[in-house]
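> Sequence and predicted model, in that order:
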Amino acid sequence: MLRKRIILLVFLLIYAVYLYAQNYTIKSYTTSDGLPHNSVRAIARDSSGFLWIGTWDGLSRFDGHEFKNYFHEPDNSTSIPYFSISDVCVDRFNNLWICTDTRELVKYNRETDDFRTINFINGIHIKDILDIATDQSGNLIITSRTNIFCVDPISQELTGHKLTDSHGEPIILENIRQMITPSGDSIIWLTGGILVSEFRKQGTDEYRLYRNYQVEKSIETPLIHFDATFWSYVYISPSGSAWLSSSNGLFRLDEENGIFREYREDLPRSEFSDKDFFYWGKRGDGIYYFNRRDQKLTHIPDNQTKWQ
């Protein structure tokens with residue numbers, strides 16, 4: 001599913017609902033406004049209030065008024081090492097981390113306003129990155145095809161955990177983006193395509209596959225384009241139910257049958273009582289956004305989102 005403006009739109013919507021309660025304002029930004037490319041891949045907000053926007057061609061910092069853009073420069077080792085960005089995230093110490101489409105890990109240096117490609121941390125080679133995220137404490141989590149790495153922003157100590165199948169044998173993930181959702185200190189969810197995998201920590205150096213779940217597909221997905229990207233994350237509600245929020249709809253786990261089924265009923269507010277904001281998208285339908293503060297579910301139709 002194409003994600004040209006959905007994340008930026010959701011962030012702007014959150015601010016609008018927060019400020020104006022029942023109302024919201026939609027403003028679309030394109031290259032005409034200074035955005036480096038109209039295909040937005042990822043976005044993160046740092047503690048300074050900046051939005052960092054990863055696009056098909058470059059990274060952008062948005063202060064609410066204008067964009068400052070950063071591009072790949074082949075002769076400059078302190079620039080972004082590749083032109084297209086797959087993900088960005090900010091850890092608990094306001095460090096900005098970037099993952100490129102070449103599966104490289106990059107850290108932004110605020111003092112020098114440039115970038116450093118991270119190939120090794122504490123002697124461990126970091127390569128073939130599938131996703132980056134932060135855990136509940138704000139520490140960086142890195143997923144590669146064979147390992148999950150946890151990085152402490154203070155000490156920069158890296159703990160590597162091998163990925164194994166249900167029998168404890170090493171596995172190699174497919175070379176597609178596997179989005180990671182940490183759940184507590186011992187469970188990792190990986191989502192990609194029509195499969196959700198639950199890994200549980202074993203000892204100090206292993207995450208073992210507990211179960212694979214299918215995702216019910218009830219709507220068509222577009223052909224793969226150069227700027228197409230899917231997103232999804234798993235949320236465990238206070239009742240213990242597992243929800244999958246995605247660019248392809250909202251799903252709830254039918255644990256008995258091992259299937260995430262599309263949820264079409266009224267949203268049960270109590271299921272999201274510990275989460276300030278919750279959102280999902282659905283191509284051809286638009287964006288849904290739940291604000292716990294006023295218990296309001298807002299639907300922005302597809303013709304307003306301009307989600308292409």
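Yes, it's here.

> When you work out contacts or count neighbours from here on, use the C-alpha atoms and nothing else.
Noted.

> where's the closest residue to N303 other than its chain neighbours relative to S60, distance?
Nearest residue to N303, sequence neighbours excluded (C-alpha to C-alpha, 6 or more residues apart in numbering): G286, at 7.7 Å. The spacing between G286 and S60, counted by C-alpha to C-alpha, to the nearest Å, is 25 Å.

> which of these two has more neighbours?
Neighbours per residue, other C-alpha atoms under 10 Å: of G286 and S60, the larger number sits with S60, 24 against 20.

> Show me what that one is bridged to.
Counting by DSSP bridges, S60 is bridged to I53, N69.

> My read is that it contacts F83, right?
No: S60 is beyond contact range of F83, at 12.0 Å (criterion: C-alpha atoms under 8 Å).

> OK, contacts around H299?
G286, I287, Y288, Y289 (C-alpha atoms under 8 Å, 6 or more residues apart in numbering).

> Likewise for D46?
Per C-alpha under 8 Å, 6+ apart, neighbours of D46: W52, V90, N94, L96.

> Any regions of this protein where pLDDT drops low?
Within the chain, the segments meeting pLDDT under 70 span 1-24, 218-229, 305-308.

> quick one: the helices in the stretch 1-150 of the chain?
Using DSSP state H, counting those that start in this stretch, the helices assigned to the stretch 1-150 of the chain run over residues 6-20.

> What are the boundaries of the strands in it?
40-45, 51-55, 58-62, 67-70, 85-90, 96-100, 105-109, 114-118, 120-121, 124-125, 129-134, 140-144, 147-151 (DSSP state E, counting those that start in this stretch).

> Please enumerate residues in contact with the fifth one?
In other words, strand 85-90. 41-46, 52-59, 96-101, 131-134, 138.

> Can you turn the buried part of those residues into a PyMOL selection?
Filtering these down to the buried ones (16 or more other C-alpha atoms under 10 Å) takes a single PyMOL command:
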select buried, resi 41+42+43+44+45+46+52+53+54+55+56+57+58+59+96+97+98+99+100+101+131+132+133+134+138
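
> Can you give me the buried ones in stretch 280-289?
Under 16+ other C-alpha under 10 Å, the buried positions of stretch 280-289 are W280, G281, K282, R283, G286, I287, Y288, Y289.
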